[in-house]
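S.K.: prediction below, plus the sequence it came from.
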There are 2 protein chains.
Amino acid sequence: MKAPTELPAAKAQGCYTIGRAAEFTAVSAKMIRHYESLGLIPRARRTSGDYRVYSRSDLHALRFIRRARGLGFSTKEIAILLGLWRNQRRASSEVKRLALSHIAELDRKIDELRSMRAALKDLAKRCHGDARPACPILDDLQGASAEQAHSGQRSADGV
Amino acid sequence: MKAPTELPAAKAQGCYTIGRAAEFTAVSAKMIRHYESLGLIPRARRTSGDYRVYSRSDLHALRFIRRARGLGFSTKEIAILLGLWRNQRRASSEVKRLALSHIAELDRKIDELRSMRAALKDLAKRCHGDARPACPILDDLQGASAEQAHSGQRSADGV
DNA sequence: CTTGACCTTGCCACAGTAGCAAGGTTCATG
DNA sequence: CATGAACCTTGCTACTGTGGCAAGGTCAAG
């Protein structure tokens, strides 16, 4: 009940072990397993020795995921995108809606980072940066210099 | 060794329970404990009933942390900033150096998000967003622009 | 004394990625 | 055929920062 050499045969037919799949998709083996556990990709076929086996179309899906991650989509969003991708009867409006909402999210994050940057840049500009201890940056963080220096609270929600 | 009512007395002397400290600093009680466990702030004094007690200067440090978080500093960076803050013989150049390197980090992140945004915006622009399935966004994620059947991979983005 | 508000610790969860460990599989080579 | 290198398996740990819940203790007021 055990084929002696199934992987080489599989390779000849366009099948890949997880390591080769990782190599060809630039998604680490670790992450491939992770995506499987999340259900982003279906459970891989296994050899008799329990090795995962991937087909070319599996690699396709992995590249899809990698590219979507490269655009900053979360795994949940990617799950939806994959669903739309696989659904030949999808409406492109659904995809576009998701994309636009992600753009809005990116804008939000960019704005947040930019306002941090602006505030810090301003403080840095006012700091002599010499051997003396006096430092407007620390003064600001301390809040001693002026509680009303900049309008109240920057809302948290870090990067 | 148990005074009957120590907290009210403490309050009168400018002491705060963790809840009140949270309220006055906008740092959640949870995070105050967390910062303590990280060593960002010293272990709090305790009442006989093991309640943490904070002084006004402790609140000061907590606000310092909150503001630094608001500027996007990591907890490690904040640990350094706190050290500089407490060190009266610091050189402002140290602070400035940290600030500038953080600005560079923010720039890096902003650029990354912006390039995602640009790429996605472009795709979204080309997507009709109607009831039909054809979708340039999915096509791009699929990598259709460069490959279709077999042959090597195309590394899309270096993000 | 009871009650309710507050505190304590500790564990789980999120997201995404990486590392390590102990053990099994494959396959080529000696 | 046996060995060993290279690869695979699962599972736990960690990171960063925040929130939530649970079981139990403390405190102050009624």
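M.R.: Received the coordinates, thanks.
S.K.: quick check, central residue of chain A?
M.R.: By Cα atoms, centre = their mean, chain A has its centre lying nearest to A:R69, at 4.1 Å.
S.K.: who touches the closest residue in space to it that isn't next to it in sequence in this structure?
M.R.: Among residues not flanking A:R69 along the chain, A:I78 sits closest, at 7.1 Å (Cβ to Cβ, 6 or more residues apart in numbering or on different chains). For glycine as for every other residue, the C-beta is placed from the backbone atoms N, C-alpha and C. Contacts here follow Cβ atoms under 8 Å, 6 or more residues apart in numbering or on different chains; on that basis A:I78 touches A:L40, A:I65, A:A68, A:R69.
S.K.: what do you get for A:V95?
M.R.: Taking Cβ under 8 Å, 6+ apart, we find A:V95 in contact with A:L81, A:L84, B:C127, B:G129, B:C135, B:I137, B:L138.
S.K.: dump those to JSON lines, plus pLDDT, secondary structure and neighbour count.
M.R.: As requested, the contacts of A:V95 are exported to JSON lines (pLDDT from 0 to 100; DSSP: H, G, I helix; E, B strand; the rest coil; neighbours: other Cβ atoms under 10 Å in any protein chain shown):
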{"residue": "A:L81", "pLDDT": "95", "secondary structure": "helix", "neighbour count": "25"}
{"residue": "A:L84", "pLDDT": "96", "secondary structure": "helix", "neighbour count": "21"}
{"residue": "B:C127", "pLDDT": "96", "secondary structure": "coil", "neighbour count": "22"}
{"residue": "B:G129", "pLDDT": "93", "secondary structure": "coil", "neighbour count": "18"}
{"residue": "B:C135", "pLDDT": "95", "secondary structure": "coil", "neighbour count": "26"}
{"residue": "B:I137", "pLDDT": "96", "secondary structure": "helix", "neighbour count": "24"}
{"residue": "B:L138", "pLDDT": "96", "secondary structure": "helix", "neighbour count": "24"}
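S.K.: any idea how far chain B is from A:I110?
M.R.: Per Cβ to the nearest Cβ, to the nearest Å, A:I110 is found 5 Å from chain B.
S.K.: that residue: neighbouring residues, count only.
M.R.: Neighbour count for A:I110, taken as other Cβ atoms under 10 Å in any protein chain shown: 18.
S.K.: now do it, the pLDDT please.
M.R.: Note for A:I110: predicted pLDDT of 96.
S.K.: would you confirm that it belongs to a helix?
M.R.: Yes. Assigned with DSSP: H, G, I helix; E, B strand; the rest coil, A:I110 falls within a helix.
S.K.: surely it is in contact with B:E112?
M.R.: No. Judged on Cβ atoms under 8 Å, A:I110 makes no contact with B:E112 at a distance of 9.7 Å.
S.K.: and the residue nearest to A:R69, which of the three is it?
M.R.: Here A:I78 is helix, with the state taken from three-state DSSP.
S.K.: again, but for A:R90
M.R.: A:R90 - assigned by three-state DSSP - is coil.
S.K.: for chain A, which residue gets nearest to DNA strand C?
M.R.: Nearest to DNA strand C in chain A, going by Cβ to the nearest atom of the strand, is A:G49, at a distance of 2.0 Å.
S.K.: please tell me I have it right and A:R43 contacts A:E36.
M.R.: Yes. Applying Cβ under 8 Å, one finds A:R43 in contact with A:E36, separated by 6.1 Å.
S.K.: and those two? Which one has more around it.
M.R.: A:E36 (15 against 9).
S.K.: how about the strands of chain A, start to end?
M.R.: A:45-46, A:52-53 (DSSP state E).
S.K.: and the last one with DNA strand D, contact?
M.R.: I take that to be strand A:52-53. Yes. Against DNA strand D, strand A:52-53 shows contacts by Cβ under 7 Å from any atom of the strand at A:R52.
S.K.: run me through the strand neighbours of that strand, direction for each.
M.R.: strand A:45-46 (antiparallel) (DSSP bridges).
S.K.: do the partner strand and DNA strand C meet?
M.R.: No. On the criterion Cβ under 7 Å from any atom of the strand, strand A:45-46 is out of touch with DNA strand C, staying 9.0 Å away.
S.K.: can you list contacts of that strand?
M.R.: By Cβ under 8 Å, 6+ apart, the surrounding residues in contact with strand A:45-46 are A:R52, A:V53, A:Y54, A:S55.
S.K.: ranges for the helices of chain A?
M.R.: Using DSSP state H, the helices found in chain A span residues A:6-12, A:18-25, A:29-38, A:56-70, A:75-86, A:92-126, A:136-142.
S.K.: beta partners of A:R52?
M.R.: Here A:R52 sits in beta bridges with A:R46, going by DSSP bridges.
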